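J.: Sequence and predicted model, in that order:
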Amino acid sequence: MTADYSATEMMICVTARIMQDDSTAFIGTGIPMLAASLAQRLYAPNLIPIFEFGGTGAQLEQLPRAVGEARTFHRAVAASGICDIMETAQRGFIDYGFLGGAQIDMYGNLNSTVIGSYYPPQVRLPGSGGGNDVGSLCWRTISVMRHDKRRFVPRCDFVTTPGYLTGCGAREAAGLPRNTGPIQVISTLGKMGFDVGNTYRMTLEAVFPNITIQDIIENTGFELLILGDVETLDPPTAEELRILREEIDPDRLYI
Amino acid sequence: MTADYSATEMMICVTARIMQDDSTAFIGTGIPMLAASLAQRLYAPNLIPIFEFGGTGAQLEQLPRAVGEARTFHRAVAASGICDIMETAQRGFIDYGFLGGAQIDMYGNLNSTVIGSYYPPQVRLPGSGGGNDVGSLCWRTISVMRHDKRRFVPRCDFVTTPGYLTGCGAREAAGLPRNTGPIQVISTLGKMGFDVGNTYRMTLEAVFPNITIQDIIENTGFELLILGDVETLDPPTAEELRILREEIDPDRLYI
Amino acid sequence: MHVLEEGRGELIQVPDIEAFREWNRTRKSRRLEDKRMTEQEAIRAFVTDGCYIGTELYGTVRCPMSLSREVVRQSPKNLRVAGQGVLELDLWLAAGLVEALDITYIGLEVYGTSHVLRRAVESQQVKRTAEWSNAAISWRLKAAAMGIPFLPIRSMLGTDTFRYSAAKVVEDPFTHQKICLLPALILDVGLIHVHRADRFGNAQIEGISGFAFELARASKRLIISAEEIVETEQIRQYPDRTIIPYYLVDAVVHAPFGSHPGEMVYVYARDEEEIRAWVEASQTVDGASGYLNRFIHSVPDHMAYLNLIGEERLAKLRGEAERR
Amino acid sequence: MHVLEEGRGELIQVPDIEAFREWNRTRKSRRLEDKRMTEQEAIRAFVTDGCYIGTELYGTVRCPMSLSREVVRQSPKNLRVAGQGVLELDLWLAAGLVEALDITYIGLEVYGTSHVLRRAVESQQVKRTAEWSNAAISWRLKAAAMGIPFLPIRSMLGTDTFRYSAAKVVEDPFTHQKICLLPALILDVGLIHVHRADRFGNAQIEGISGFAFELARASKRLIISAEEIVETEQIRQYPDRTIIPYYLVDAVVHAPFGSHPGEMVYVYARDEEEIRAWVEASQTVDGASGYLNRFIHSVPDHMAYLNLIGEERLAKLRGEAERR
């Protein structure tokens, strides 16, 4: 990794690049907000960001610091409330959900509730927030998180948000909407996918510049499947970095 | 009955007189609208009329001809939608519900669906509308209807709206909210009540001027209980009639 | 889930929530597309024989009457209809378009019962009916709008309205009381008339909102007619006034006086004369078909209809509108 | 109703829908009464030891912060709280007021996890927690607002969030799929901050409405704080803007900058400096209690708090507000 950009910046750029134009995307706090801002400027001008307290279709001119603040419905097409948004997801109108977490396992399950046992916990984390709903109700979810062995774990201490649960057929057996689940994990080292239709386990799809497959394996607490060629992703472009640093997060809240 | 006023006018006045100030009242189409208008002017200036498509607390300056028209939320405190109104009733916020029907039985059950068997019916009537909900969810219901043997029947051909169903305990056994049900029937001949806490059957409470108890018995298709003194109600006052005829229904849609 | 009682009414539209999700994923574009079309184009594109259709609010209040008349003009067959209506459903029934009814109320309010409904049901021209309350129909749409297969409610219980519905009674596992469950109602086509919309379908309503919020979200195809087409800038300035976001909408029809002879609050009043004309005409089969001929079949479109009504009368109705 | 699975979490507030109906009948006046009072009077009148309480929206967005600070000042004991919060719940937790939490998210959003929550739960100062998703908490309030004991939903399923909740899984009798049932959540006291209200409590909100509609209708006692008190005439002119009708409201508190240091859309922006002050202070027990002393205990009321913040800073925040 060169000194030109940080792993966080790379993660934001990769996330922005996979955002689809004219798609609806449920945006959680943090990196997804920066990625959605960047995507609207460069790759997906008609991305429809959806924020859980009511904003639909905002133009993300300034970085939201909270999922309900004015920036989440700035020049939006609608500003309603959390029930409307969550029911919109439940009705199948939200294509992508962007999530974070403290732990992720090989089936893409996420933990943002506790480290250790439930009560009293070793570490009490914020809890599900909208995470469980996004992971349950959006068509496809993308997780964005720091890559190390404490985070990429064999088994989450607590499954806050459903990935593929215990694997093939488990979501449907639990009653979750059909044909949903995680498709991507963007980390600080690479881009992962899932072996959907087969084992439903996490696969390695691409590495960041100057990161090796071995780096990723060593920083992952479970066996990552490698089913095809692992590509190396392009570093952030000068334009991506300029926009990120000068326009999107000039106060350096995240980057 | 003198030529000074009609039975309909008397019925409206009696209904208006029993409306309580500072109470919430679900107002259906027809006579209840006129009565609520009259009550706001004379007896219950702070009556809060509630109309099923969203109007709460309107000032009834002009007679509504439909339960959603502008007059149902003229200078209202809120104009929402049907779900909000019905859920307000379901939550226990609506004190009185005013209803009509084609048939009523001794337990105050109402029929506004079919005469004869269900399908094909001898006469197809409009159906429940909000009637069933008002009869189920408001605390107390008052029915307003023409008095004759075809209408006051031993058993409704079809129970559209619940009164006391089959009597003591039947509402609760069916799952309806506790402590609810009809308390009054205002007809073109008199004012009926119910033997609440005991048989739950309809009782005769009062007769209109120049109407005898015998008149009522002869026009009722079931045995009306008489549990106490039967009073004779005062005829419409000159002021009631003037307001009704000149201000509330100058086009004589109802009177 | 143990069912204690079950209405014997037919489930005229089955609540397939998974299919609805899939539809909303694949058949509803998220793109900002210009969806303006005429009544004729919209009804032709989306209202098919046998479809399950619903309109929002009553024929005399903010009801999509120009769309409803176009339905009569195109005469789709065997419609299945969510029957909470006044003039609009009277027209469809009189035209013989309706095969099945989820009925709660069809009547003429201040003018009493509907003769058209009587003839259509008593003669068995309408072949299937199931009973619901007004709240129940709205709550069934709300369930669909929420993306859930059913909603629990506390009305309908203990009555023939329940017995001739397709609802069920179960014991609530939290309070152990009996409760009624309503199946979600997903419309194939929904029609809503609004005060204003942009060309993409973002829509605003003034005054009571009836069940527009729910019906818009419960419809696989949604046709919006609007008194006024506005710039999207106006929507983006007041996003909190959007009751129907564009991605729910398949067609946007510019229809001034689209609710005539009903009212549109703050824009124009009811046309009592015209409503009475239908009340009179609809007493007989011949009267009703004469009315349909004169006001629908003989005029090619909504503009021609408004010409028939005449600018003078329309101006009068504008003048009589409720003011803020 | 056969229950397939059941969360092991405690039902911290039991959904007694019949008692709620009876309360709404007998304890909520329909009279148009002047309900204006101060934060101090409102919290004293309605927030009692052990009560179940909830606030609407997050501490940084249209949140009743002046009311939340007054709760700290009066220090009721053993509060049971619907835990969807940022600054406001941090303050209560730091003050040691909370005994039980229906938790979905307590954190500082852009500034990460809440140290106060960590200390309070890890030390077992908070004695009981049950897990829910954000939608689940809002839907639980919605169930109460609808007057029904439960709502079916399609999230929570299959996860530990469900296993440590008090939800249940049953088979839907219509589609025969598994579905999650949430118990209604009836609050003893709800706190909501709005843009404007009249003295009776009729209230309007601009921008997103969060879960104000639901929480207002799910609360046995409802305290409204408002940026502005307006004449009822303004309410009656725009009845379609009323999100909370007066009969739901028990107290109306005039609280300009009532959401500070959070934002109030179109009125003032977030006070980033002040939010960061809490983020810093709350890292340690001493820091947090120093903050509470300085900004809450040392100032008698909201006006004194605003004086402490200073007009200069407030004017700046007004200037930074989002514009239409």
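T.: Received it, and whenever you're ready, just let me know what you need.

J.: Count the residues that sit near residue 220.
T.: Just going to use chain A. 24 (other CB atoms under 10 Å in any protein chain shown). Backbone N, C-alpha and C define where each C-beta goes, glycine included.

J.: actually chain C
T.: The burial metric for residue C:220, expressed as a neighbour count using other CB under 10 Å, is 20.

J.: host element of it?
T.: Take DSSP states H and E as the rule and residue C:220 turns out to sit in strand C:219-229.

J.: How far does that strand sit from its chain's centre?
T.: Taking CA atoms, centre = their mean, to the nearest Å, the mean C-alpha location of strand C:219-229 is offset from the chain mean by 11 Å.

J.: what about the helix or strand that it is followed by and chain A, touching?
T.: Stepping forward along the backbone from strand C:219-229, the first helix or strand reached (DSSP H and E) is helix C:232-237. Yes. Under the criterion of CB under 8 Å from any CB of the partner chain, helix C:232-237 makes contact with chain A via C:232, C:235, C:236, C:237.

J.: Adjacent strands (with direction) for the lowest-mean-pLDDT helix or strand in chain C?
T.: Considering only helices and strands, the least confidently modelled element of chain C by mean pLDDT, DSSP states H and E is strand C:79-85, at a mean of 93. When pairs are called by DSSP bridges, strand C:79-85 turns out to pair with strand C:52-55 (parallel), strand C:98-106 (parallel).

J.: Can you report how many residues lie near the spatially closest residue to residue C:188 that is not a sequence neighbour?
T.: Of all residues not flanking residue C:188 in the chain, residue C:51 sits nearest, at 4.1 Å (CB to CB, 6 or more residues apart in numbering or on different chains). Neighbours of residue C:51 under the rule other CB under 10 Å: 19.

J.: dump the residue contacts of residue C:51.
T.: The neighbourhood of residue C:51, defined by CB atoms under 8 Å, 6 or more residues apart in numbering or on different chains, consists of C:76, C:79, C:80, C:188, C:189.

J.: Relative to chain A, how far out is the first one?
T.: Spelled out, it's residue C:76. To chain A, residue C:76 is 26 Å away according to CB to the nearest CB, to the nearest Å.

J.: Strands along the chain, start to end?
T.: With no chain named, the answer covers chain A. When secondary structure is read from DSSP state E, chain A shows strands at A:24-27, A:48-50, A:55-56, A:78-79, A:96-99, A:103-104, A:110-111, A:114-115, A:123-124, A:140-145, A:181-187, A:190-194, A:202-207, A:231-232.

J.: Correction: the question concerned chain C.
T.: Counting by DSSP E, chain C has strands at residues C:3-6, C:52-55, C:79-85, C:98-106, C:128-131, C:150-153, C:168-171, C:178-183, C:187-197, C:203-204, C:219-229, C:251-254.

J.: Residue D:5 is nearest to which of the ones you listed?
T.: strand C:168-171 (17.0 Å; CB to CB).

J.: is the closest one up against chain B anywhere?
T.: Yes. Legend: contact between strand C:168-171 and chain B by CB under 8 Å from any CB is shown at residue C:169.

J.: Is any residue of that strand near chain D?
T.: Yes. With CB under 8 Å from any CB as the threshold, strand C:168-171 lies in contact with chain D, specifically through C:168, C:170, C:171.

J.: can you check stretch C:219-228 too?
T.: No. If you take CB under 8 Å from any CB as the test, stretch C:219-228 misses chain D, and the best it gets is 15.7 Å.

J.: ok, back up a step: want to try a markdown table for the strands paired with strand C:79-85, with mean neighbour count as columns?
T.: Compiled in a markdown table, the strands paired with strand C:79-85 are given as follows (neighbours: other CB atoms under 10 Å in any protein chain shown):
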| stretch | mean neighbour count |
| --- | --- |
| strand C:52-55 | 25 |
| strand C:98-106 | 26 |
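
J.: quick one: which of the ones you listed is nearest residue B:163?
T.: Comparing these against residue B:163 with CB to CB, the closest turns out to be strand C:98-106 (19.2 Å).

J.: circling back to that earlier point, weakest of the strands of chain C in terms of mean pLDDT?
T.: In terms of mean pLDDT, the lowest-scoring of those is strand C:79-85 (a mean of 93).

J.: Give me the angle between that one and strand C:187-197.
T.: Our comparison of strand C:79-85 with strand C:187-197, counting by axes from the mean of the first three to the mean of the last three CA atoms, to 10 degrees, yields an angle of 50 degrees.

J.: give me the number of residues near the closest residue in space to residue C:294 that isn't next to it in sequence?
T.: Distance criterion CB to CB, 6+ apart; nearest residue to residue C:294, sequence neighbours excluded, is residue C:308 at 8.0 Å. Counted with other CB under 10 Å, residues neighbouring residue C:308 total 11.
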